[in-house]
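>>> From the sequence below, what's the structure:
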Amino acid sequence: MSLFSILAVSASGMTAQRARSEVLAENLANAETTRTPEGGPYRRKDVVFTSASQVTPFGSLFQEQLQGPEVGVAVSDVVTDTRDPDKRYLPGHPDADKQGYVAFPRVNPAEDMVDLMNSSRQFQANVSAMQAAKDMIFRSLDLLK
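Residues are numbered from 1 along each chain as shown. Prediction:
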């Protein structure tokens with residue numbers, strides 16, 4: 001694996017974690033949303049990752065010498081929670097049904113905050129890997145002077 005392909009793999013990880021963070025932030029922002037344009041409460045979303053080969057500008061030149069393609073990560077899907085919403089007894093709420101229950105999203109703010117911190121740390125790990133690869137490239141160039 002070349003140093004330039006390390007940059008591409010880390011960039012794919014950063015892109016995937018950014019998408020995950022956006023979905024988690026959306027979940028947190030809508031944790032109490034009981035009415036959506038589609039009808040009913042907000043539905044929690046999750047990001048599904050898949051491995052994806054990374055193409056670098058120099059990859060085509062050295063493709064025959066590599067054992068296999070560099071593999072990064074990509075967002076393959078954003079799935080919506082299909083479980084029944086949580087019901088809370090709030091008879092005075094404008095969205096209450098005839099029995100006085102309101103349907104709330106199945107969003108656990110504590111769980112999503114932990115996932116958001118995890119996503120942030122994984123993004124930072126990819127930044128660190130890119131910085132290490134960049135430092136190695138600069139040191140290689142300094143040796144060639």
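
>>> in the protein, which residue is closest to the centre?
Closest to where the C-alpha atoms of the chain average out (C-alpha atoms, centre = their mean) is Arg20, at 1.9 Å.

>>> quick one: it and Tyr42, what's the gap?
18 Å (C-beta to C-beta, to the nearest Å). (Each C-beta comes from the backbone N, C-alpha and C, glycine too.)

>>> Distance from stretch 7-24 to the middle of the chain?
6 Å (C-alpha atoms, centre = their mean, to the nearest Å).

>>> and Gln99, that's in a helix?
No - counting by DSSP: H, G, I helix; E, B strand; the rest coil, Gln99 is located in no helix; its state is coil.

>>> State the phi and psi torsions of it.
phi -90, psi -10 (degrees, to the nearest 10).

>>> for Ala125, same thing?
phi -60, psi -40.

>>> Could you pull up the contacting residues of it?
Contacts for Ala125 (C-beta atoms under 8 Å, 6 or more residues apart in numbering) come out as Gly13.

>>> From Met14, how far off is it?
10 Å.

>>> Over to Met117?
Met117 is 16 Å from Met14, by C-beta to C-beta.

>>> Which one's more surrounded, those two?
When neighbours are counted by other C-beta atoms under 10 Å, Met117 and Met14 differ, and Met14 comes out ahead with 20 against 11.

>>> Can you read off the pLDDT for Gly59?
As predicted, Gly59 sits at a pLDDT of 53.

>>> Tell me where this structure has strands.
Taking DSSP state E as the criterion, the chain carries its strands at 45-53, 71-80, 86-89, 101-104.
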